[in-house]
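# No sequence on hand, only this structure:
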């Protein structure tokens, strides 16, 4: 079946602009995670959605970052007023119920802020 | 101190060799443990879960030592295709509290 998809695959933007990154999880997966990975680094947790529960936003680095998940499926990560340090690969993962075992990752969005 | 620590490597070993690396975690409340594999410029993929009794999947063996708070991954008869970064993953009591290590780079040479 279809895996997790993310768009765009690459995004180049100018400092100060807003960007939106999209994640389509695997159908039926109730849990959705966003991570950020800088070059040569591990994954940094950003936000977690589980069903209709309030999201865990504890990993968002600043109030310029926000995310939503509509209808329990597609999720959008928005970065406002981008900075050069926001440049990274943004990875989305989804998990089937109960939501914490195997995570299936999308291919990521490579964001470059000039 | 990082919550999950791994030797970044790189480990450079000949094909056919056995290689092992560890991952230490700082929070004794950790509940679940995993090894993920990440190829260059690709997304992480689950390699195997790590169970308390230890588990084996073909050439791969994972062990958990709760007393010393580390997990290990052993790869026997290494193949060129095993070259990748291996990520240690620890989950705490809440589903969202999942910590990834920075990864150990493994390079298998012919």
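That came in fine, so what should we check first? All values reported here derive from a predicted model rather than from experimental measurement. Residues are numbered from 1 along each chain as shown, chains lettered A, B, ... in the order given.

# Just give the number of residues close to residue 16.
Going with chain A. 10 (other C-beta atoms under 10 Å in any protein chain shown). For the C-beta atoms, the positions are set from N, CA and C on the backbone; glycine is no exception.

# you looked at the wrong chain, it should be chain B
Residue B:16: 11 surrounding residues under other C-beta under 10 Å.

# Tell me if I'm right that it and residue B:78 touch.
Yes: applying C-beta atoms under 8 Å as the test, residue B:16 and residue B:78 come out as touching, 6.4 Å apart.

# Report the set of residues contacting both of the two.
Residues within reach of residue B:16 and of residue B:78 at once, by C-beta atoms under 8 Å, 6 or more residues apart in numbering or on different chains: there are none.

# hang on, residue B:66 packs against residue B:52?
Yes: with contacts counted by C-beta under 8 Å, residue B:66 reaches residue B:52, the gap being 7.1 Å.

# looking at chain B, which helix or strand does the model trust least?
Every helix and strand in chain B was compared by mean pLDDT, DSSP states H and E; the lowest is strand B:98-100, with a mean of 88.

# what's next to it, contact-wise?
A:33, A:35, A:42-43, A:45, A:100, A:103, B:3-4, B:25, B:36, B:44, B:87-92.

# Apply 7 Å and report the result again.
Here strand B:98-100 makes contact (C-beta atoms under 7 Å, 6 or more residues apart in numbering or on different chains) with A:42-43, A:45, B:3-4, B:87, B:89-91.

# Give me the buried subset of the residues you listed.
Buried members of the contacts of strand B:98-100, counted by 16 or more other C-beta atoms under 10 Å in any protein chain shown: A:42-43, A:45, B:4, B:87, B:89-91.

# how about these, which pair is most distant?
The span of the buried ones among the contacts of strand B:98-100, defined through C-beta to C-beta, is set by A:42 and B:91 at 14.8 Å.

# where along chain B do the strands fall?
Using DSSP state E, the strands of chain B run over B:4-6, B:11-14, B:19-25, B:32-38, B:45-50, B:55-57, B:60-65, B:70-75, B:84-91, B:98-100, B:104-109.

# If anything else comes up later, I'll come back, but that's it for now.
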